[in-house]
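Q: No sequence on hand, only this structure:
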Ligand SMILES: [Ca+2]
Ligand SMILES: [Ca+2]
Ligand SMILES: [Ca+2]
Ligand SMILES: [Ca+2]
């Protein structure tokens, strides 16, 4: 059992790295993570790029770039913000990470690539809220699964637990695809278990959410990383790293394999979305983040107040 009710101050650190991909569409919304164009090999990361507007030739910014995200990822200065914009001590008005900008002509990383999904961001913070539908919409497909601790996904369902997947197309594809990437989208994530009978989207011990209001699958259980964790926790340290069943990170507070934020502190979930959330995934509203397309794993840390 976790220590519910205990007051803790969760320390934080976000180790990061980056990542990944885009869609083939032009001015329309991107496909879901990892945004690998159909004709591109999964390891051809240089071709993981933002779509380009056919009229202007400029990179199209994700549709969920709004609010504070403008400055969080911006390459441009805040308009009319003098004297900050002319002060070298303020780096002449640099605001964000120059990732993507409302100004399509700004010099941003997304003009070159949206990153690569084989890079992992480690979030050392208050864990992850598996039960948060909005956060899971942004993060569940971007959660790094520890393949060495997990069995290979099987194709033992005909009806997938993830909307839109086709179990008849699931198979081991050979290099350059990862052996666990059964749907061939270029990344190994929870979706690759969606035709596996051992994994259910609503396990009895799970806290994972249902699809949120407004989703095409509103009310249905959402396949999330904790479902995989529950299915394959077997008490064995399969990868021999000293952590038993560490499939989606580690809880250093309770010393177990579920980094679930059971006190709902939430900070780790916010950091995860800022650093890793899907861009243009269409599952979240204005609260969506627009981060590079890496994957993410969690560790919880804490110290008493
Ligand atoms: Ca996959
Ligand atoms: Ca679930
Ligand atoms: Ca194990
Ligand atoms: Ca292990």
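A: Everything's here; your move. Keep in mind it's a predicted model, so treat the numbers as computed, not measured. Ligands and ions are numbered 1, 2, ... in the order given.
Q: Going by C-alpha atoms from here, please, whenever you check contacts or count neighbours.
A: Will do.
Q: Model confidence score at the residue of the chain most remote from its centre, please.
A: Distance from the C-alpha centroid of the chain, by C-alpha atoms, centre = their mean, peaks at residue 83 (37.3 Å). The per-residue pLDDT reported for residue 83 equals 92.
Q: From residue 75, how far out is it?
A: 18 Å (C-alpha to C-alpha, to the nearest Å).
Q: what's the answer for residue 112, then?
A: Distance, residue 112 to residue 75, using C-alpha to C-alpha: 14 Å.
Q: With residue 221 instead?
A: Taken as C-alpha to C-alpha, the span from residue 221 to residue 75 is 39 Å.
Q: cool, residue 144 as well?
A: 28 Å.
Q: same deal with residue 222?
A: 35 Å.
Q: And residue 253, by the same measure?
A: 38 Å.
Q: Between those two, which is the more surrounded one?
A: A direct count of neighbours by other C-alpha atoms under 10 Å for residue 253 and residue 75 places residue 75 higher, at 24 against 18.
Q: so what's that one up against?
A: 94, 95, 96, 97, 98, 99, 100, 101, 106, 107, 108 (C-alpha atoms under 8 Å, 6 or more residues apart in numbering).
Q: Does the last one touch residue 99 like I think?
A: Yes: under the criterion of C-alpha atoms under 8 Å, residue 108 is in contact with residue 99, at a separation of 5.1 Å.
Q: count of neighbours near residue 263?
A: 16.
Q: Surely it is within a helix?
A: No: using DSSP: H, G, I helix; E, B strand; the rest coil, the assignment for residue 263 is coil, not a helix.
Q: what's around residue 241, how many residues?
A: Counted with other C-alpha under 10 Å, the neighbours of residue 241 add up to 11.
Q: how near is it to ligand 4?
A: Distance, residue 241 to ligand 4, using C-alpha to the ion, to the nearest Å: 5 Å.
Q: do residue 120 as well
A: Residue 120 is 17 Å from ligand 4, by C-alpha to the ion.
Q: partners of that residue in the sheet?
A: Following DSSP bridges, residue 120 is listed with bridge partners residue 295.
Q: For it, the count of nearby residues, please.
A: Using other C-alpha under 10 Å, residue 120 has 21 other residues around it.
Q: So it versus residue 133, what's the distance?
A: 22 Å.
Q: Mind checking what secondary structure whichever residue of the stretch 1-150 of the chain sits closest to ligand 1 has?
A: Proximity of the stretch 1-150 of the chain to ligand 1 (C-alpha to the ion) peaks at residue 34, 8.7 Å away. For residue 34, the assignment made with three-state DSSP gives coil.
Q: From ligand 2, how far off is residue 148?
A: 22 Å.
Q: For that residue, which non-adjacent residue is spatially closest?
A: Spatial nearest neighbour of residue 148, chain neighbours left out: residue 239 (5.3 Å); criterion: C-alpha to C-alpha, 6 or more residues apart in numbering.
Q: mind checking the SS state of that neighbour?
A: Strictly by three-state DSSP, residue 239 counts as coil.
Q: That one against residue 149, yeah?
A: Yes: taking contacts as C-alpha under 8 Å, residue 239 lies within contact range of residue 149: 5.4 Å.
Q: Let me see the contact set for residue 257.
A: So residue 257 contacts 243, 244, 245, 246, 247, 248, 249, 250, 251 (C-alpha under 8 Å, 6+ apart).
Q: My guess is the first one contacts residue 233. True?
A: No: Residue 243 is beyond contact range of residue 233, at 11.7 Å (criterion: C-alpha under 8 Å).
Q: Give me every residue in this structure lying close to ligand 1.
A: Within reach of ligand 1 by C-alpha under 5 Å from the ion, the chain has these residues: 181, 183, 185, 187, 188.
Q: OK, contacts around the closest residue to the second one other than its chain neighbours?
A: Spelled out, that is residue 183. In space, residue 183 comes closest to residue 170 once its chain neighbours are excluded; the distance is 4.9 Å by C-alpha to C-alpha, 6+ apart. When contacts are counted by C-alpha under 8 Å, 6+ apart, residue 170 is found next to 155, 182, 183, 184, 195.
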